[in-house]
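Q: coordinates only, sequence not included:
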């Protein structure tokens with residue numbers, strides 16, 4: 001299968017978990033809609049164009065692989081809420097940040113769409129970021145590669161399934177490095193939106209499991225592909 005492969009580097013990124021407020025933890029990888037938003041930015045699509053029925057973005061399959069473990073730090077923020085001319089309240093929150101992230105992002109779809117997307121990443125319409133708008137990335141590599149079937153043993157990626165619903169005998173965890181490691185996280189995330197009077201609202205949600213780099217997880221029954229010896233699973 002022919003897929004579009006991007007290798008991207010950044011200085012700092014943060015992918016806030018949807019329900020976090022005062023302490024905002026980050027996912028280790030950009031979530032699914034961030035990958036589609038990146039493609040939409042390269043193509044110059046507005047949010048309304050991205051998420052309308054029949055949009056070319058909705059036809060893309062995508063996934064991401066961590067190329068190295070990023071540094072992690074905590075950033076303290078103070079938000080001041082102003083009513084009239086006076087500061088009404090002050091709110092303190094902590095946000096986790098990832099430093100020097102490096103990812104391989106993969107897209108699959110119709111050949112003509114992938115060709116258009118490759119050209120767009122060579123000369124993007126808008127600035128490209130992962131996470132917040134000022135968390136810019138550099139594209140290190142933009143090319144087509146061949147993805148081949150492989151056993152479903154994943155590390156440093158996400159899979160479109162809630163591992164809590166999979167029978168224990170179909171999952172095997174393998175420690176891939178010594179020392180500290182984190183456990184997989186399963187979370188329900190939006191995969192599409194509807195735009196109502198300029199406000200973006202989740203339209204559809206699915207479960208995903210984030211598997212940190214340094215831990216391998218074999219999940220029987222998932223269709224897996226590989227490039228450069230790294231397994232991944234597309235969604236949808």
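A: Happy to help now that I have it. From a predicted model like this one, the values you see are computed outputs, not experimental measurements. Numbers count the residues shown, from 1 in each chain.
Q: from here on, just use CA atoms for contacts and neighbour counts.
A: Fine.
Q: just the buried residues of stretch 192-206, please?
A: Within stretch 192-206, the residues that qualify as buried are 192, 193, 194, 195, counting by 16 or more other C-alpha atoms under 10 Å.
Q: helix or strand: which one has the last one?
A: For residue 195, the host element (DSSP states H and E) is strand 185-196.
Q: ok, which stretches of this protein are helices?
A: For the chain, the helices defined by DSSP state H occupy 32-43, 47-51, 111-122.
Q: most packed of the ones you listed?
A: Most buried of the helices of the chain, by mean neighbour count (mean count of other C-alpha atoms under 10 Å): helix 32-43, with a mean of 20.
Q: pLDDT on that one, on average?
A: For helix 32-43, the mean per-residue pLDDT is 95.
Q: swap in stretch 135-147?
A: pLDDT averaged over stretch 135-147 gives 96.
Q: run the chain-centre distance for it.
A: Between the mean C-alpha location of stretch 135-147 and the chain-wide mean there is a distance of 14 Å, by C-alpha atoms, centre = their mean, to the nearest Å.
Q: then stretch 190-201?
A: The chain centre lies 18 Å from the centre of stretch 190-201; the measure is C-alpha atoms, centre = their mean.
Q: end to end, how far does it reach?
A: Across stretch 190-201, the terminal residues are separated by 9 Å (C-alpha to C-alpha, to the nearest Å).
Q: what does stretch 44-64 give?
A: Stretch 44-64 stretches 21 Å from its first residue to its last (C-alpha to C-alpha).
Q: which residues touch that stretch?
A: Residues outside stretch 44-64 that contact it (C-alpha atoms under 8 Å, 6 or more residues apart in numbering): 29-30, 32, 35-37, 39-40, 103-109, 113, 124-126, 157-158, 192-195, 232-236.
Q: and for stretch 227-236?
A: Residues contacting stretch 227-236 (C-alpha under 8 Å, 6+ apart): 61-65, 145-148, 150-155, 157-160, 222-226.
Q: re the thing from before, make CSV from the buried residues of stretch 192-206 and add pLDDT and distance to residue 206 to it.
A: Shown next, in CSV, are the buried residues of stretch 192-206 (pLDDT from 0 to 100; distance: C-alpha to C-alpha, whole Å):
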residue, pLDDT, distance to residue 206
192, 91, 10
193, 92, 12
194, 89, 16
195, 87, 19
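Q: in JSON lines, list the residues you listed along with distance to residue 130.
A: Converted to JSON lines, these look like this (distance: C-alpha to C-alpha, whole Å):
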{"residue": "192", "distance to residue 130": "17"}
{"residue": "193", "distance to residue 130": "18"}
{"residue": "194", "distance to residue 130": "21"}
{"residue": "195", "distance to residue 130": "21"}
